[in-house]
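Visitor: okay, here's the prediction I keep looking at, along with the sequence it came from:
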Amino acid sequence: MRIAVLAIALVAVLVTASASAGGATRPVAPACPTEEPCEPGVDALTPIDFKIVGKSTVAKLGSDLAMGPGEMRTLLDAKTGDVTGDLLLPPSAGYFVMFGFTPTTSTVDFTQDGKTVGKIVRGVLTTTSKISIRLREVKVAGVPLDVGPNCRTVTPAVIELTSGPSPPPFVPPRLLKPLYGTFTMPAFSGCGAKEPLDSLLTGLISGPGNAVRVELTHIPR
């Protein structure tokens, strides 16, 4: 029974997408079997850590943005299937073509807003993360575009991901399912140190239909 609980835990994590928030998980007692009640005083939360590598496709630009490698530090409630987690993603180097012919590069920072939350139901994991996205070191055709230090989304992007179904009794670590989803890129604000650039960047980048794919690798303790 404990093997089944561990297998659930190994599936439980997100995305996205993905951040500079995070922290060490606290030590807790082993999780309780899902079909049996916990003994009094036993904490049902199990800490599980993962390596994250992913990709986001910006719909308006038709370009991919790499995410990670980073880490997700999660806690699984084996009694309910609920998952909470902290996300750590490094800055990402972005490349896209502006106006259809002008190469543009930038550095993209991801900052988690609150916890990633999720749930496992019949072997399928769904998660929701709120991620603020910041642009810096933007260059257009190799020429720096001074977007200033505070060029970021007005609100966090809400990224909802879902894994493929896992056959009973769930899956071993080598068969962790990738998570997929789409999200809407919010408008940008605070962009432009010498001239206003909010409308330009919002028009070029913001909008619905941006795809995310995240792959997970369990980090043994």
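Guide: Great, that's in hand. Residues are numbered from 1 along each chain as shown.
Visitor: work out for me the element the nearest residue to residue 145 once chain neighbours are set aside sits within.
Guide: Once flanking residues are discounted, residue 145 sits nearest to residue 138: 4.4 Å by C-beta to C-beta, 6 or more residues apart in numbering. Placement of C-beta: from N, CA and C, glycine included. Element membership of residue 138, judged by DSSP states H and E, is strand 124-140.
Visitor: can you list phi and psi of residue 61 for me?
Guide: Note on residue 61: backbone dihedrals following degrees, to the nearest 10 are phi -90, psi -20.
Visitor: contact partners for it?
Guide: Shown in contact with residue 61 (C-beta atoms under 8 Å, 6 or more residues apart in numbering): 96-98, 204-205.
Visitor: closest one to residue 127 out of those residues, please.
Guide: Closest approach to residue 127 among the contacts of residue 61 (C-beta to C-beta): residue 205, at 23.6 Å.
Visitor: how near is the closest one to residue 164?
Guide: Distance, residue 205 to residue 164, by C-beta to C-beta, to the nearest Å: 29 Å.
Visitor: which intervals of this protein have sub-threshold pLDDT?
Guide: 1-43, 99-101, 165-176, 221 (pLDDT under 70).
Visitor: hang on, residue 133 packs against residue 152?
Guide: Yes. Residue 133 lies in contact with residue 152 (C-beta atoms under 8 Å); the separation is 6.4 Å.
Visitor: still on that earlier bit, just give me the closest of the contacts of residue 61 to residue 76.
Guide: Checking these against residue 76 with C-beta to C-beta, the nearest one is residue 205 at 34.8 Å.
Visitor: list the contacts of the closest one.
Guide: Neighbour list for residue 205: 58, 60-61, 185, 188 [criterion: C-beta under 8 Å, 6+ apart].
Visitor: just the helices in this protein please.
Guide: 2-11, 198-205 (DSSP state H).
Visitor: phi first, then psi, for residue 191.
Guide: Per degrees, to the nearest 10, the backbone of residue 191 is at phi -100, psi 130.
Visitor: what count of nearby residues applies to the nearest residue in space to it that is not next to it in sequence?
Guide: Spatial nearest neighbour of residue 191, excluding adjacent residues (C-beta to C-beta, 6+ apart): residue 151 at 3.7 Å. If you count neighbours by other C-beta atoms under 10 Å, residue 151 ends up with 23.
Visitor: re the thing from before, closest to residue 214 among the contacts of residue 205?
Guide: Nearest member of these to residue 214, counting by C-beta to C-beta, is residue 58, at 15.9 Å.
Visitor: alright, that wraps it up for me.
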